[in-house]
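Asker: Give me coordinates for this.
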Amino acid sequence: MAITGLNHLTLAVTDLDRALAFYRDLLGLTLRARWADGAYLEAGDLWLCLTRDADASKAVRSDTTHAAFGVSEADFAALAEKIAAHAPLWKDNRSEGASLYFLDPDGHKLELHVGSLESRLAHYRDHPEKGVTLS
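Answerer: Residues are numbered from 1 along each chain as shown. Below is the predicted model:
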């Protein structure tokens, strides 16, 4: 069982339009989905989630800013159990796909996640009531 790479990066932003102008228009990331308080962008293998948070300047304490590591579905349960036995958890999973949200020894917010940007977008295609507009 092993981490397969960085799954996605979620950043808390105070102004979603300003952040989209920066990441999409200035840096050239591709907008894949947008909703009232967030957006998914893509750059190569990077899946970037922007989430509006009025307190984004204090992002370390935010419930949205974190790094997510990818793991195979076959390895998720065993690795999640191992991590949960040694690291404090900071959030319950409310997203598509299996996830475990935990802290490193310095309090950095991390996630172990099964899935991809494509599986997340498919979830929103199947659930239009969530209000996410796909690009």
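Asker: what residue ranges in the chain are flagged as low confidence?
Answerer: Low-confidence segments of the chain, defined by pLDDT under 70: 56-64, 105-106.
Asker: Try it again at 50.
Answerer: Across the chain, nothing is flagged by pLDDT under 50.
Asker: most distant residue from the middle of it?
Answerer: Ala85 (22.7 Å; C-alpha atoms, centre = their mean).
Asker: longest strand in the protein, by residue count?
Answerer: strand 5-13 (DSSP state E).
Asker: helices or strands next to it in the packing?
Answerer: Applying 3 or more C-beta pairs under 8 Å, 6 or more residues apart in numbering; DSSP states H and E, one finds that strand 5-13 contacts strand 46-52, strand 66-70, strand 109-113. C-beta: built from backbone N, CA, C; applies to glycine.
Asker: Of these, which is nearest Leu121?
Answerer: Among the helices and strands packed on strand 5-13, the nearest to Leu121 by C-beta to C-beta is strand 46-52 (9.9 Å).
Asker: If you count neighbours, what's buried in that closest one?
Answerer: Within strand 46-52, the residues that qualify as buried are 47-52, counting by 16 or more other C-beta atoms under 10 Å.
Asker: What segments of the chain are strands?
Answerer: So, for the chain - with DSSP E - the strands run 5-13, 30-35, 38-43, 46-52, 66-70, 89-91, 99-103, 109-113, 133-134.
Asker: who does the second one touch, helix- and strand-wise?
Answerer: Contact partners of strand 30-35 among helices and strands, from 3+ C-beta pairs under 8 Å, 6+ apart: strand 38-43, helix 117-126, strand 133-134.
Asker: With distance to Ala12 and mean neighbour count added, can I get these in CSV?
Answerer: Shown next, in CSV, are the helices and strands packed on strand 30-35 (distance: least, C-beta to C-beta, whole Å; neighbours: other C-beta atoms under 10 Å):
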stretch, distance to Ala12, mean neighbour count
strand 38-43, 10, 20
helix 117-126, 18, 15
strand 133-134, 21, 13
